[in-house]
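**Student:** sequence plus the predicted model coming up.
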Amino acid sequence: MTLCTKLTAATRNAKRPTLGGQGAKGIIPFKHDLLTFMKDVRRDEHILTSMHMINFMKVYHKAWLDTYVVGKVDPYKSLLRFCQSFAARHRFSQGVPCYTNLPELDMVFIRNDFAAAFWNKYNDHNLRDIINADETAVYYDMPPGKIWAEVGKSSKVDVTQKHSDRPIAMLSCRADGSKLPILFIVHGTPGGPIDLHELATYTSGHYYEVQKSGWMDGRVWRTYLDMLQYEIHGPTVILVDNFDAHVTQESSESIARDLFSVLEPIPPNCTSVCQPLDVGVMGPFKKLLRTLWLEETPVVTAGEKRLAMIKRSIKAWDRISADAIKKSFVKAIPRPEIVLV
């Protein structure tokens with residue numbers, strides 16, 4: 001067919017400068033099959049890696065695979081790069097697997113049931129009287145999963161650099177978008193040097209507690225409840241996960257007796273969809289921590305690092321917007337259109 005015939009027979013938009021068909025040709029005759037396989041695997045929440053993609057080719061397209069690796073200096077690395085490029089081109093990205101005991105669809109059903117029951121009980125509550133609280137670890141210089149090492153040299157590291165000390169930040173926010181002060185749990189001995197001398201140097205306006213393992217326990221939870229009596233405006237619904245220190249008969253009775261409030265546990269194994277802080281706040285908070293780390297001057301001593309982590313956390317918490325918090329509550333506990341009375 002002559003060029004003149006092609007031009008007169010073309011049905012493409014006249015504004016286009018070419019007839020189409022230019023550019024590099026795809027080398028994967030089964031790309032739609034491979035893409036469908038990848039989407040099916042992730043839809044069922046199974047692990048998908050380059051190895052699974054290669055196994056798919058070994059089973060269903062062995063002849064093409066054998067032809068592709070011919071002449072490659074390192075067939076394995078070539079296939080890995082091929083799979084990585086294919087995945088990136090079709091909007092797949094690498095991520096850390098988040099293991100769960102329940103399929104996502106089941107968690108959504110549980111969330112909807114929980115939300116319906118929640119608003120059936122607390123529909124008349126002012127949004128400022130609904131609080132969600134959760135802990136998160138704050139690291140100063142946590143070693144990554146991978147490091148740079150010279151080619152041909154060892155990748156060993158000093159065991160003392162394996163872990164970085166970290167305080168725990170107990171974050172609390174209200175459904176109206178407002179935030180409560182942070183309760184920091186510092187790793188140390190109650191009554192020890194950190195407790196007696198260091199806590200007094202920390203930023204005012206927030207709360208601090210020392211615990212041997214640097215984590216939440218019954219004693220620290222009681223400290224948090226004591227803190228709440230100065231922060232709540234009236235009878236309050238306190239949303240927490242099913243962590244043992246939070247959800248006990250003693251805790252529930254203490255909240256009812258001392259705070260005239262209600263402890264409302266979130267369904268187990270569903271915090272990723274039912275807990276407002278997990279749904280829309282922790283991610284931005286962690287991202288802000290990483291951004292603020294870039295602005296800091298490195299420090300050396302353990303005390304300086306603890307103070308730096310606390311200051312960084314407070315700055316990040318201050319930058320979380322009320323709108324983001326309100327949206328996280330709406331997404332985690334959607335209010336049904338009809339509330340049963």
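**Tutor:** Great, that's in hand. Numbers count the residues shown, from 1 in each chain.
**Student:** now do Asp141, the pLDDT please.
**Tutor:** Reading off the confidence values, Asp141 has pLDDT 72.
**Student:** sec struct for it, please.
**Tutor:** Using DSSP: H, G, I helix; E, B strand; the rest coil as the criterion, the local structure at Asp141 reads coil.
**Student:** how far away is it from Pro193?
**Tutor:** Using Cβ to Cβ, to the nearest Å, Asp141 is found at 22 Å from Pro193. The way it works is simple: take the backbone N, C-alpha and C, and place the C-beta from them, glycine included.
**Student:** Pro334 now?
**Tutor:** Distance, Pro334 to Pro193, using Cβ to Cβ: 48 Å.
**Student:** quick one, which of the two is more surrounded?
**Tutor:** Legend: neighbour count by other Cβ atoms under 10 Å for Pro334 and Pro193, higher for Pro334 (14 against 11).
**Student:** Phe114 is in contact with the more buried one, correct?
**Tutor:** No - Pro334 is beyond contact range of Phe114, at 10.0 Å (criterion: Cβ atoms under 8 Å).
**Student:** where in the stretch 101-250 of the chain is pLDDT low?
**Tutor:** Within the stretch 101-250 of the chain, the stretches with pLDDT under 70 are 142-147, 149, 154-165.
**Student:** can you show me the strands along it?
**Tutor:** With strands called from DSSP state E, counting those that start in this stretch, the stretch 101-250 of the chain shows them at 130-137, 168-174, 183-187, 207-211, 237-240.
**Student:** just send those back as TSV, with mean neighbour count and distance to Asp323 too.
**Tutor:** Formatted as TSV, the strands of the stretch 101-250 of the chain follow (neighbours: other Cβ atoms under 10 Å; distance: least, Cβ to Cβ, whole Å):
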stretch	mean neighbour count	distance to Asp323
strand 130-137	21	16
strand 168-174	24	12
strand 183-187	22	24
strand 207-211	21	26
strand 237-240	23	19
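**Student:** in TSV: these, plus distance to Gly71.
**Tutor:** Supplementary listing: these in TSV, determined by distance: least, Cβ to Cβ, whole Å:
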stretch	distance to Gly71
strand 130-137	49
strand 168-174	55
strand 183-187	56
strand 207-211	61
strand 237-240	60
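**Student:** how about these, which one is nearest Lys311?
**Tutor:** Closest approach to Lys311 among those is made by strand 183-187 (10.8 Å; Cβ to Cβ).
**Student:** mind listing residues that contact the closest one?
**Tutor:** With contact meaning Cβ atoms under 8 Å, 6 or more residues apart in numbering, strand 183-187 is reached by 135, 165-170, 172, 194, 198-199, 202, 206-216, 220, 223-224, 227, 306, 310, 313.
**Student:** how far does the helix or strand just after that strand sit from its chain's centre?
**Tutor:** For strand 183-187, the following helix or strand on the C-terminal side (DSSP states H and E) is helix 193. Centroid displacement of helix 193 relative to its chain, using Cα atoms, centre = their mean, to the nearest Å, is 34 Å.
**Student:** hmm, Asp323 is touching Gly177, no?
**Tutor:** Yes - between Asp323 and Gly177 a contact is recorded at 6.5 Å, counting by Cβ under 8 Å.
**Student:** so for those two, which residue has more residues nearby?
**Tutor:** The residue with more neighbours, out of Asp323 and Gly177, is Gly177; 18 against 9, by other Cβ under 10 Å.
**Student:** element containing the residue nearest the centre of the chain, please.
**Tutor:** Closest residue to the average C-alpha location of the chain: Gly283 at 4.8 Å, with Cα atoms, centre = their mean. For Gly283, the host element (DSSP H and E) is helix 282-295.
**Student:** ok and that helix relative to strand 168-174, angle-wise?
**Tutor:** Here the directions of helix 282-295 and strand 168-174 differ by 130 degrees (axes from the mean of the first three to the mean of the last three Cα atoms, to 10 degrees).
**Student:** contacts for helix 282-295?
**Tutor:** Helix 282-295 has contacts (Cβ under 8 Å, 6+ apart) with Asp134, Thr136, Val138, Leu171, Arg312, Ser313, Lys315, Ala316, Trp317, Arg319, Ile320, Ala324.
**Student:** just stretch 316-324 next, same as before
**Tutor:** Contact partners of stretch 316-324, identified using Cβ under 8 Å, 6+ apart, comprise 169, 171, 173, 176-179, 182, 280-281, 284-285, 288-289, 292.
**Student:** and those, which are buried?
**Tutor:** 169, 171, 173, 177, 179, 182, 280-281, 284-285, 288-289, 292 (16 or more other Cβ atoms under 10 Å).
**Student:** which pair in those residues has the greatest spatial separation?
**Tutor:** Going by Cβ to Cβ, the pair spanning those furthest: Gly177 and Leu292, at 21.7 Å.
**Student:** just the helices in the protein please.
**Tutor:** Taking DSSP state H as the test, the helices found in the chain are 3-9, 31-43, 50-60, 62-69, 75-89, 104-122, 193, 218-228, 249-258, 271-274, 276-280, 282-295, 302-319, 322-332.
**Student:** how about the longest one: buried residues?
**Tutor:** Of the residues in helix 104-122, those scored as buried under the neighbour-count criterion (16+ other Cβ under 10 Å) are Met107, Ile110, Arg111, Phe114, Ala115, Ala116, Phe118, Trp119, Tyr122.
**Student:** who touches the spatially closest residue to the last one that is not a sequence neighbour in this structure?
**Tutor:** Translated: Tyr122. Leaving aside its sequence neighbours, Tyr122 sits nearest to Val237 (Cβ to Cβ, 6 or more residues apart in numbering; 5.3 Å). By Cβ under 8 Å, 6+ apart, Val237 lies in contact with Tyr122, His125, Asp129, Ile130, Ile131, Ser261, Val262, Glu264.
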